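[1] Here is the input, now give the coordinates:
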Amino acid sequence: MGNTIRFTNPQPPKDSAPTGQRPSGKAILIAVLGASVVLTGIGIGAASGNGSTTSTVSATAAATTTSAAPAPAAAAPTSAPASATTATEVPPPVTGTGGPATADPAETMWMVSKIVDGDTVDVTKAGTTNRIRVIGIDTPEVGQCGYLEATANMKTLLAGKHVNVVPGARDDLDRYGRYLRYLDVDGTDAGLRQIQAGLAVARYDSRDGYGAHPRETSYVAADAASPKAPCSTVATPQPVPNKPANPAPVPPAAAWPLAGDQHPCPQAKPIKGNQSSMIAHSPGQQSYLVTNPEACFANLTDAAADGYRPAKR
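    Got it, this is the predicted structure:
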């Protein structure tokens, strides 16, 4: 029936009550910790000459303790429990606008060393100069109405200032080797300012095959909302050095287009005008076959009237 545990009652003092007045033996059923413990009185009375009493405890439980210490009272909380609404969440730091992290501004800051026209500038840093074509806009060229105003406004915005040169076009360079970039100065987008002033149009974007750019939506909206600036002065064509007195039309070649010409002009207007350099290229000249023209002319006189100068070789 399990382990037997003996508890020995201490002997009563000699001056205690006589043996005949002690209680007789009896059986007591006690439930301790879910186990039945039977206490059986054995030889209590005259059989014990020295007044000692021995009790035999039969335990059915494996536990050897007769009582469990009371569970300690739960400690009083030192402070009120935190409410779910009392904690303050710290938002993560803003790292950008959805794309890759932007470059360190110090890496993209250049000084504007020259204003070429309303959409093209030269920038310089550490002895290096690069030509920048502003992404997504187009301003009048030399000899066109609005050229002087657009160029003057770009000078006001950028000349001599440090600008943040920001990429964003589908291509890194245009076909003339100019870097395609936004130009931001003191938090102002120079290209957007040109459009808002009515001096530039939104162009060279997803609508005409050049690919979308991040600021296209705002540029197109500004273009639609901005009236075109009045042309207060018409730019006078720049003098053309070595301009022939009476240039004759260039005779067309027997076969047209010329062999190897990837960007031919119409046969009736074979002169190629390059807006980036404002140079007119005639058939047979060094760069003619590789020039991708923005304008074609019947002769050099027409090209000169539009502000172009003839190529030297």
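
[2] got any ranges where the stretch 151-300 of the chain has weak pLDDT?
    232-254 (pLDDT under 70).

[3] just the strands in the stretch 201-313 of the chain please.
    201-202, 271-274, 279-281, 295-297, 309-310 (DSSP state E, counting those that start in this stretch).

[4] Output these as JSON lines; include the columns mean neighbour count.
    Every C-beta, even on glycine, is put in place using the N, C-alpha and C of the backbone. As requested, these are exported to JSON lines (neighbours: other CB atoms under 10 Å):
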{"stretch": "strand 201-202", "mean neighbour count": "21"}
{"stretch": "strand 271-274", "mean neighbour count": "24"}
{"stretch": "strand 279-281", "mean neighbour count": "23"}
{"stretch": "strand 295-297", "mean neighbour count": "20"}
{"stretch": "strand 309-310", "mean neighbour count": "20"}
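
[5] Please name whichever of the ones you listed is nearest to residue 144.
    strand 295-297 (10.6 Å; CB to CB).

[6] Confirm for me that residue 169 is in contact with residue 215.
    No. Counting by CB atoms under 8 Å, residue 169 does not reach residue 215; the two are 10.3 Å apart.

[7] Return every residue with contacts to both of these two.
    135-136 (CB atoms under 8 Å, 6 or more residues apart in numbering).

[8] Now the helix or strand residue 181 falls within - C-alpha only, CSV.
    Assigned by DSSP states H and E, residue 181 belongs to strand 179-185. Taking C-alpha atoms only, strand 179-185 is exported to CSV below (Å, rounded to 0.1, in the frame of the first residue of the first chain):
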residue,chain,number,x,y,z
TYR,A,179,23.9,64.2,-70.0
LEU,A,180,20.2,64.1,-69.5
ARG,A,181,19.4,65.4,-66.0
TYR,A,182,17.0,67.5,-63.9
LEU,A,183,18.6,70.6,-62.5
ASP,A,184,17.4,71.6,-59.0
VAL,A,185,18.6,74.7,-57.2
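
[9] now for that strand, which elements pack on it?
    strand 128-134, helix 147-158, strand 162-166, helix 190-196 (3 or more CB pairs under 8 Å, 6 or more residues apart in numbering; DSSP states H and E).

[10] List the buried residues for that strand?
    179-184 (16 or more other CB atoms under 10 Å).

[11] what does stretch 122-142 give?
    Within stretch 122-142, judged by 16+ other CB under 10 Å, the buried ones are 122-123, 130-142.

[12] End to end on it, go ahead and measure it.
    When the termini of stretch 122-142 are compared using CA to CA, to the nearest Å, they are 17 Å apart.

[13] go on, stretch 201-211?
    End residues of stretch 201-211 are separated by 16 Å (CA to CA).

[14] Stretch 205-217 now?
    Its start and end residues considered, stretch 205-217 measures 10 Å (CA to CA).

[15] got the contact list for it?
    135-136, 168-171, 182, 189, 191-192, 202, 204, 219-220.

[16] so how far is residue 308 from the closest residue to residue 271 other than its chain neighbours?
    Closest residue to residue 271 apart from its sequence neighbours, by CB to CB, 6 or more residues apart in numbering: residue 297 at 4.0 Å. Distance of residue 297 to residue 308, given as CB to CB, to the nearest Å: 8 Å.

[17] which residues are common contacts for these two?
    With CB under 8 Å, 6+ apart, residue 297 and residue 308 have common neighbours 273, 280.

[18] need the contact list for the closest residue to residue 190 other than its chain neighbours.
    Nearest non-adjacent residue to residue 190, counting by CB to CB, 6+ apart: residue 183, 4.4 Å away. Counting by CB under 8 Å, 6+ apart, residue 183 touches 112, 121, 132, 134, 158, 163-166, 189-191.

[19] from these, which single one is nearest residue 290?
    Of the contacts of residue 183, the one sitting nearest to residue 290 (CB to CB) turns out to be residue 132, at 22.7 Å.

[20] and that closest one, what is it in contact with?
    Neighbouring residues of residue 132 by CB under 8 Å, 6+ apart: 120-123, 165, 178-181, 183.

[21] from the buried residues of stretch 122-142, which two are the most distant?
    130 and 140 (23.4 Å).

[22] For the helices and strands packed on strand 179-185, give me CSV that also has distance to residue 289.
    As requested, those are arranged in CSV below (distance: least, CB to CB, whole Å):
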stretch, distance to residue 289
strand 128-134, 23
helix 147-158, 29
strand 162-166, 33
helix 190-196, 33
